[in-house]
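In: just coords:
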Ligand SMILES: [Cu+2]
C-alpha cells in the first residue's frame, strides 16, 4: 500500500480575487459627434487605460484560477493552509494550536517545590507561575545553571536570577517543541526544579468522532504499533505519530506503524484524522519499556 509523503505541503495560495472575464466590457464607446468626441477624449483615454490594466491583471488571474483548479484536490488531500501571523511571517505551525491554553504552576507551595513540577503542553500554550511563598525564581536551565531562555519576572536579564515574592505572576508562552528545564536560583540545590515538555500542536479530537485503539508489540525486537479505528468519514485518513503526519492511507480501519526502533523507554502518541481535516480521533500513547508512568 503506497502512502502519500508525510510532509507533502503544497504552498499554492488562492488568487487575491476571482476574475470574471466574461463580465468585463472591453469596448470604449466612441461617439461620432465631434464636440462630444473632444469632451470625451480624456474619458476615453481613461477607459482604454482601464481596459489595458484589466487585461494585464486578468491574464495571471486566469492562469491562477486554472492552476488553483488543478491543485484543489491536492490541497484538500494535504490540507495545505498557509497561516501567517500579523506580521505576515509563517505562523509557528501550519496546524492550529487549537487552544493556546494556560497551564498553572504554583511556586513554593508547601516547600521548595514547583507544583506540579512537570507540565506537558503544546506549542503555543502558556505556563503561568504564581508565587505562593517568598524569594523564589523561575530560571531556565539545568542543572542549576541559568541558560537565559526564559526567566521570571519578565524574561529579561535572566542571569541576574531575580527572586520574587508571594503574589507574583509570571507567564511564558512556548513557541518551540522541546524539553525546558528550569529551577529556582535560591533553592535549586534543595531540588526546586521543574520541567516544561512542549509537544507539537496536534489537532483536537472531536467528541463522538473517530475512535482509535493502538497495540504495541515488537517484531524482531523492533517497535511496531498496530492501529485500528472506526468513525472516520473520509476516503483517506492522516496518521499522526507525536503530532506529525507519518502517513496518509485509505480509510480501511487499520494501519501498522513499523517504527524500527529497538530498546526500551520509548513512547509514541497516535491519533488519526480524516485526511486534511481537523476531524480527529482520541490520542493513544503506546509505551515500550521504561519506568512506571
Ligand atoms: Cu525558591
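Out: In hand now; what should we look at? Predicted, not measured: the structure shown is a model, and the values here were computed from it.

In: With adjacent residues omitted, what lies nearest to residue 123?
Out: In space, residue 123 comes closest to residue 201 once its chain neighbours are excluded; the distance is 4.8 Å by CB to CB, 6 or more residues apart in numbering. Heads up, the C-betas are built off the backbone N, CA and C, glycines and all.

In: ok, how many other residues are close to the one you found?
Out: When neighbours are defined as other CB atoms under 10 Å, residue 201 has 22 of them.

In: what does the stretch 1-150 of the chain have sitting close to the ion?
Out: Contact residues, the stretch 1-150 of the chain versus the ion (CB under 5 Å from the ion): residue 136.

In: Apart from its chain neighbours, what residue comes closest to residue 223?
Out: With sequence-adjacent residues excluded and distances taken as CB to CB, 6+ apart, residue 223 is closest to residue 259, at 4.2 Å.

In: what sits against the one you found?
Out: For residue 259, the contact set (CB atoms under 8 Å, 6 or more residues apart in numbering) comprises 222-225, 241, 268.

In: re the thing from before, thought the residue nearest to residue 123 was touching residue 124?
Out: Yes - look at residue 201 against residue 124 with CB atoms under 8 Å: they come within range, at 5.8 Å.

In: where does the stretch 151-293 of the chain come near the ion, residue by residue?
Out: Counting by CB under 5 Å from the ion, the stretch 151-293 of the chain sits next to the ion at 184, 186-187, 192.

In: again, 8 Å this time
Out: 163, 184-188, 190, 192 (CB under 8 Å from the ion).

In: hang on, the earlier thing: next, the residue nearest to residue 223: phi, psi?
Out: Dihedral pair for residue 259: phi -80, psi -40, per degrees, to the nearest 10.

In: what's the pLDDT at it?
Out: Listed pLDDT for residue 259 reads 93.

In: Kindly report the same for residue 209.
Out: pLDDT recorded at residue 209 is 84.

In: ok, it - how many residues close by?
Out: Residues within reach of residue 209, counting by other CB under 10 Å, total 19.

In: State the distance from it to the ion.
Out: From residue 209 across to the ion, the span is 44 Å (CB to the ion, to the nearest Å).

In: My guess is that residue contacts residue 280. True?
Out: Yes - Residue 209 is within contact range of residue 280, at 6.8 Å (criterion: CB under 8 Å).

In: rewinding a little: ok, which pair from the contacts of residue 259 is furthest apart?
Out: The distance between the two most remote of these (CB to CB) is 14.7 Å, for 222 and 241.

In: Please enumerate the helices of this protein.
Out: Assigned by DSSP state H, the chain shows helices spanning 34-78.

In: In it, where is pLDDT below threshold?
Out: Across the chain, the ranges flagged by pLDDT under 70 are 1-99, 202-208, 291-293.

In: Quick check: residue 198 vs the ion, distance?
Out: 23 Å.

In: which residues touch the residue of the stretch 1-150 of the chain found nearest the ion?
Out: Residue of the stretch 1-150 of the chain nearest the ion, by CB to the ion: residue 136 (3.3 Å). Contact analysis of residue 136 by CB under 8 Å, 6+ apart lists 107-108, 112, 163-164, 184, 186-187, 192.

In: buried subset of these?
Out: 107-108, 112, 163-164, 184, 186-187, 192 (16 or more other CB atoms under 10 Å).

In: Okay, and which of these map to strands?
Out: residue 107 (DSSP state E).

In: and the buried ones among the contacts of residue 136, which two are the farthest apart?
Out: Greatest spacing in these, by CB to CB: 112 and 164 (14.5 Å).

In: Surely residue 161 and residue 135 touch.
Out: No - under the criterion of CB under 8 Å, residue 161 makes no contact with residue 135, lying 11.1 Å away.

In: Tally up the residues packed near the closest residue to residue 179 other than its chain neighbours, please.
Out: Of all residues not flanking residue 179 in the chain, residue 197 sits nearest, at 5.5 Å (CB to CB, 6+ apart). Residues lying near residue 197 (other CB under 10 Å) number 14.

In: what's across from residue 197 in the sheet?
Out: residue 120, residue 179 (DSSP bridges).

In: Who does residue 285 form a beta bridge with?
Out: Applying DSSP bridges to residue 285, the residues it is bridged with are residue 269.

In: Could you check how far it is from residue 102?
Out: 23 Å (CB to CB, to the nearest Å).

In: List the contacts of the residue nearest to residue 179.
Out: Taking CB under 8 Å, 6+ apart, one finds 118-121, 179-180 in contact with residue 197.
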